[in-house]
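[1] Please find the sequence and the predicted model below.
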Amino acid sequence: MTNFNIKAPNLSIEKSLIEKINNLNKPKGSLGRLEEIASQIGLIQQTLSPSLHHPCHLLFGGDHGIERENVSVSPRDVTWQQMINFTQGGGGVNLFCRQHGFKLRLIDMGVDHDLTTYPAIINHKIAHGTANFLHNPAMDDEQFQRALHIGATLVDDCFAEGCNIISIGEMGIANTSPSSIWMSIFENLPLNECIGAGSGLNHTEMQHKLAVLQTAIDRFFAQGYQPIDAIPYFGGFEMVGAIGAMLRAAERHMVILVDGFIMTACMLAASQMHPEVLAYAIYGHCSDEGGHRKMLKLMNAKPLLSLGLRLGEGTGALCSYPIIDSAVRMINEMNNFENAHITKYF
């Protein structure tokens, strides 16, 4: 069993961080969110001079049994086709990793296709997709623990290379379905407030998706499961891998860049296991997927960007990186009033 020992950052240096930021030669609070981010990263790293090193991006791939119920406009073949495309550098995730200097790791957690001939894809396949949670739990406990462990181990590998900031993405057709269910169960919301169009469902298809997912939720509770059981019951291997990565990153006091709807749902699920993980999260953007804005608000999360993205892959998190870099540069490189010989007027 993978155990995590996560502690919230020690707040003893928070006052000193705020004082340092307030003494930079600028009007107090004038750099807004940059000041908040710099303070958060200082707390995570327990230093007045935070830094960013060797950023890494983990992209987990996996298929979902619920896709067989026609809850996604995209067929499951797209999962493996895109994973192969990523090995050739042709995905959105590839260009943003190149642009912002992230080392990309592609991980097969449960893609319904043989990808072993592609050396750029790390083979951690647990099964050829999860079970159909309309009828059975998506995974058993052994698979759940294995997925958590894989995600944690991959973060350990990044940490050993000197990484202190990690972003996470996913590739898995139909993974908006478990994300919506987690949101509904963990936030105690009607399912219809949590589902979205995914990759492009029309109104009729949305109603079908709602009916299928509601039936699955009703059967889940009828069997006596507790809310926390929803993580393995509905989740995908790639999603649980991401949860394991988030929890280990928090344990190692790393900054976690959270992407859109799917990854925010994974952070929500991770927080059900260890609430302290939230202190390590920076939310990259608010996606166009239905329910994401509400989920962020309920989690008291303030996304850095709102660009209408709903691609997944971790692209929104990667696009937010320059803002985070700016925040760290601000606290380290901006002069203060005393050294600049500027009268401090507040």
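    Nice, I can see it.
[2] can you give me the end-to-end distance of stretch 218-235?
    This stretch, stretch 218-235, spans 16 Å end to end (Cα to Cα, to the nearest Å).
[3] Show me what counts as buried in it.
    220, 229-235 (16 or more other Cβ atoms under 10 Å). For glycine as for every other residue, the C-beta is placed from the backbone atoms N, C-alpha and C.
[4] Next step: the residues you listed restricted to helices.
    220, 230-234 (DSSP state H).
[5] which stretches of the stretch 1-150 of the chain have low pLDDT?
    Along the stretch 1-150 of the chain, the model assigns pLDDT under 70 to residues 1.
[6] where does residue 257 land in three-state SS?
    Using DSSP: H, G, I helix; E, B strand; the rest coil, the structure places residue 257 in strand.
[7] Can you give me the distance of it to residue 263?
    9 Å (Cβ to Cβ, to the nearest Å).
[8] Please enumerate the shared neighbours of these two.
    168, 314, 317 (Cβ atoms under 8 Å, 6 or more residues apart in numbering).
[9] Make TSV out of those and add distance to residue 272 and neighbour count.
    Shown next, in TSV, are the shared contacts of residue 257 and residue 263 (distance: Cβ to Cβ, whole Å; neighbours: other Cβ atoms under 10 Å):
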residue	distance to residue 272	neighbour count
168	17	29
314	22	31
317	21	30
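[10] between those residues, which is closest to residue 110?
    Nearest to residue 110 out of the shared contacts of residue 257 and residue 263 is residue 168 (Cβ to Cβ; 15.9 Å).
[11] what about the helix or strand containing the closest one, average pLDDT?
    Assessed by DSSP states H and E, residue 168 sits inside strand 165-171. Here strand 165-171 scores 97 as its mean pLDDT.
[12] For it, list the C-alpha coordinates in CSV.
    This file holds the C-alpha atoms of strand 165-171, laid out as CSV (Å, rounded to 0.1, in the frame of the first residue of the first chain):
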residue,chain,number,x,y,z
ILE,A,165,7.6,22.1,-9.8
ILE,A,166,5.5,19.6,-11.6
SER,A,167,2.5,19.8,-13.9
ILE,A,168,0.2,16.9,-14.8
GLY,A,169,-1.9,16.1,-17.8
GLU,A,170,-4.1,13.3,-19.0
MET,A,171,-5.2,11.5,-22.2
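[13] tell me what that strand is packed against?
    Packing partners of strand 165-171 (3 or more Cβ pairs under 8 Å, 6 or more residues apart in numbering; DSSP states H and E): strand 56-62, helix 77-87, helix 237-251, strand 255-258, helix 261-273, helix 315-333.
[14] Run through who's touching stretch 209-227.
    So stretch 209-227 is contacted by 66, 69, 71, 133-134, 177, 180-181, 184-186, 191-192, 195, 198, 201, 229-230, 233-234, 272 (Cβ under 8 Å, 6+ apart).
[15] are any of those residues buried, and which?
    66, 69, 71, 133-134, 177, 180-181, 184-186, 191, 195, 198, 201, 229-230, 233-234, 272.
[16] on that earlier part again, for the helices and strands packed on strand 165-171, which one sits closest to residue 100?
    helix 315-333 (4.6 Å).
[17] and the angle for that closest one with strand 56-62?
    160 degrees (axes from the mean of the first three to the mean of the last three Cα atoms, to 10 degrees).
[18] What residues sit buried inside the strand or helix carrying residue 206?
    Secondary structure from DSSP H and E places residue 206 in helix 203-222. The neighbour-count check on helix 203-222 (16+ other Cβ under 10 Å) flags 205-206, 209-210, 212-214, 216-217, 220 as buried.
[19] For the helices and strands packed on strand 165-171, please prepare a markdown table with the additional fields distance to residue 147.
    Below are the helices and strands packed on strand 165-171 laid out as a markdown table (distance: least, Cβ to Cβ, whole Å):
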| stretch | distance to residue 147 |
| --- | --- |
| strand 56-62 | 9 |
| helix 77-87 | 16 |
| helix 237-251 | 4 |
| strand 255-258 | 18 |
| helix 261-273 | 11 |
| helix 315-333 | 20 |
